[in-house]
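Trainee: Turn this into a model:
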Amino acid sequence: MSYLEYNVKHTPTGLRKIFYLNWPVAILLATVSGAGFLMLYSVAGGSFSPWAEPQMKRFAAGFALMIFVAMVPIWFWRSLSGMAYLVTLLLLVAVELFGTVGMGAQRWIDLGFMRLQPSELMKITLVMLLAAYYDWLPAKKTSRPLWVLIPVVIIIVPVMLVLRQPDLGTSILLLAAGGGLMFLAGVHWAYFAAVIASGIGLVTAVFQSRGTTWQLIKDYQFRRIDTFLDPSSDPLGAGYHITQSKIALGSGGWTGRGFMQGTQSRLNFLPEKHTDFIFTTLAEEFGFVGAISLLGLYTLIILFCVWSALLNKDRFSSLLILGIALNFFLFFAVNMSMVMGLAPVVGVPLPLVSFGGSAMLVLMLAFGLMQSAHVHRPR
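Mentor: A predicted model of the protein is given here:
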């Protein structure tokens, strides 16, 4: 019996697939999203509008999308990997040509019923293509220079397009997720050592370029770095966000001020309280206990994904699941580090908790792919 015949014979069919879903992950996703609904209700002053109600509808649509994607065999999604990447790349070019501008950045395409952010979709299609590439590539060629160069180009092209929007946070996430998947696929550590050394050189060049005609990043991005290094240098200007965030985090104490009792968010001291800085609202209202509980839920999602990847005998499926888990980890790790002052403010939302349409739907699409790989694994 061939490997494909074994797959087909031992893969569940029809409605039986529902029972083979990774239900712990699905329940954890719903639990985290529920915490997000509560926070959006709180920051709106005890109202489901304008944030909680749309977010609940998006999650419902996203959960249905996850189930639908999970029911489709994983080898179908593998066959679409290249096309999905190219379409998303074209969408990034479309953003450059006629994208919608918001808050000084051109990152969205207005579809009428929603604003699509193609850079969010690229986080998934990039992982899909890299997983398919390393599934196709013989293991002995993984670390050969030519075969390392190809995925590097696959990663760098969208990173450069996203940087032009400008969106430094998403660019860093794409670079980290792509590089992380290359490492998981077995690329030799020496390449990563060279990249780290080059990164140190690039950071030096960025600081050296400040104020010159060849300045490498925008002025507001330099201000974010300055604020990260010394928030007190401009507490009412560039340092305002992180200063208020730290006040909210500290005022929560061990158990918090209580639901809807946070002063920083209720009195509008905390900017972007429904998006990038929503974690500080949670920490102020529910304290250290609430913050560590949310982190625990995120950790459980990662662990169940890794468990699913280890059980899977298909290389594409394993790499896809690990890539999705890595993306998810980077999402919440960067956001939490940012609002606690451990990393510069780069505009990365908290997954499933921050208000946002594209991020929610794309994340549920990603977990749909993870579920498809889990359901259709050889048994």
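
Trainee: At the geometric centre of the chain, which residue sits there?
Mentor: With distances taken as Cα atoms, centre = their mean, F331 lies nearest the centre of the chain, 4.0 Å away.

Trainee: Three-state assignment for it, please.
Mentor: At F331 the chain is in helix, as set by DSSP: H, G, I helix; E, B strand; the rest coil.

Trainee: Work out for me the element the residue nearest to it when sequence neighbours are not counted sits within.
Mentor: Spatially, and ignoring its direct neighbours in sequence, F331 is nearest to P351 (4.4 Å; Cβ to Cβ, 6 or more residues apart in numbering). In this view, the C-beta of every residue, glycine as well, is placed from N, C-alpha and C. P351 belongs to no helix or strand when assigned by DSSP states H and E.

Trainee: isn't P351 right up against F329?
Mentor: No. The pair P351 / F329 is not scored as a contact, 9.6 Å apart, by Cβ atoms under 8 Å.

Trainee: Tell me how many other residues crowd the closest residue to M66 other than its chain neighbours.
Mentor: Sequence neighbours aside, G368 is the residue nearest to M66 in space, at 3.9 Å (criterion: Cβ to Cβ, 6+ apart). Using other Cβ atoms under 10 Å, G368 is surrounded by 24 other residues.

Trainee: What does V127 show for phi and psi?
Mentor: Backbone geometry at V127, expressed as degrees, to the nearest 10, gives phi -60, psi -40.

Trainee: returning to that earlier point: in contact with the residue nearest to F331, which residues are there?
Mentor: Counting by Cβ atoms under 8 Å, 6 or more residues apart in numbering, P351 touches V32, Y298, F328, F331, F332, N335, A359, L363.

Trainee: The third one belongs to a strand, doesn't it?
Mentor: What it means is F328. No. Counting by three-state DSSP, one finds F328 to be helix, located in no strand.

Trainee: Can you give me the buried ones in the longest strand seen in the chain?
Mentor: If you go by DSSP state E, the chain has its longest strand at strand 105-110. If you call a residue buried by 16 or more other Cβ atoms under 10 Å, then strand 105-110 has these buried ones: A105, Q106, R107, W108, I109.

Trainee: re the thing from before, so among the contacts of P351, where is pLDDT lowest?
Mentor: The member of those with the lowest pLDDT is A359, at 83.

Trainee: Please, which helix or strand holds it?
Mentor: Assigned by DSSP H and E, A359 belongs to helix 357-375.

Trainee: Which stretches in the stretch 101-250 of the chain count as helices?
Mentor: Taking DSSP state H, counting those that start in this stretch, the helices of the stretch 101-250 of the chain run over residues 118-136, 145-163, 168-185, 189-208, 219-229, 240-251.

Trainee: Could you identify which of those helices is most buried?
Mentor: helix 118-136 (a mean of 24; mean count of other Cβ atoms under 10 Å).

Trainee: just checking, what packs against that one?
Mentor: helix 74-79, helix 81-98, helix 145-163, helix 168-185, helix 315-339, helix 357-375 (3 or more Cβ pairs under 8 Å, 6 or more residues apart in numbering; DSSP states H and E).

Trainee: let's see it at 6 Å
Mentor: With contacts defined as 3 or more Cβ pairs under 6 Å, 6 or more residues apart in numbering; DSSP states H and E, helix 118-136 has these neighbours: helix 81-98, helix 145-163, helix 168-185, helix 315-339, helix 357-375.

Trainee: and the angle from that helix to helix 315-339?
Mentor: Here the directions of helix 118-136 and helix 315-339 differ by 140 degrees (axes from the mean of the first three to the mean of the last three Cα atoms, to 10 degrees).

Trainee: export helix 118-136 as CSV, just CAs?
Mentor: Provided in CSV are the C-alpha atoms of helix 118-136 (Å, rounded to 0.1, in the frame of the first residue of the first chain):
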residue,chain,number,x,y,z
PRO,A,118,-2.8,41.9,3.1
SER,A,119,0.3,41.9,5.4
GLU,A,120,-1.8,39.9,8.0
LEU,A,121,-2.6,37.4,5.3
MET,A,122,1.0,37.2,4.3
LYS,A,123,1.9,35.8,7.7
ILE,A,124,0.0,32.7,6.8
THR,A,125,0.7,32.3,3.1
LEU,A,126,4.4,32.7,3.8
VAL,A,127,4.4,29.8,6.3
MET,A,128,2.3,27.7,3.8
LEU,A,129,4.8,28.2,1.0
LEU,A,130,7.9,27.6,3.2
ALA,A,131,6.3,24.4,4.6
ALA,A,132,5.5,23.2,1.1
TYR,A,133,9.1,24.1,-0.1
TYR,A,134,10.8,22.1,2.7
ASP,A,135,8.4,19.2,2.2
TRP,A,136,9.4,19.1,-1.5
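
Trainee: Please work out the angle formed by the directions of it and helix 81-98.
Mentor: Between helix 118-136 and helix 81-98, the angle comes out at 150 degrees (the same axes, to 10 degrees).

Trainee: Report the distance from helix 118-136 to the chain centre.
Mentor: The gap between where helix 118-136 is centred and where its chain is centred comes out at 13 Å by Cα atoms, centre = their mean, to the nearest Å.

Trainee: Show me the contact partners of that helix.
Mentor: For helix 118-136, contacts defined as Cβ atoms under 6 Å, 6 or more residues apart in numbering pick out 78, 81, 84-85, 88, 91-92, 95, 151, 158, 162, 167, 170, 178, 181, 185, 315-316, 319-320, 323, 327, 358-359, 362, 366.

Trainee: TSV please, covering the helices and strands packed on helix 118-136 and showing distance to D135.
Mentor: Formatted as TSV, the helices and strands packed on helix 118-136 follow (distance: least, Cβ to Cβ, whole Å):
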stretch	distance to D135
helix 81-98	9
helix 145-163	12
helix 168-185	9
helix 315-339	4
helix 357-375	12
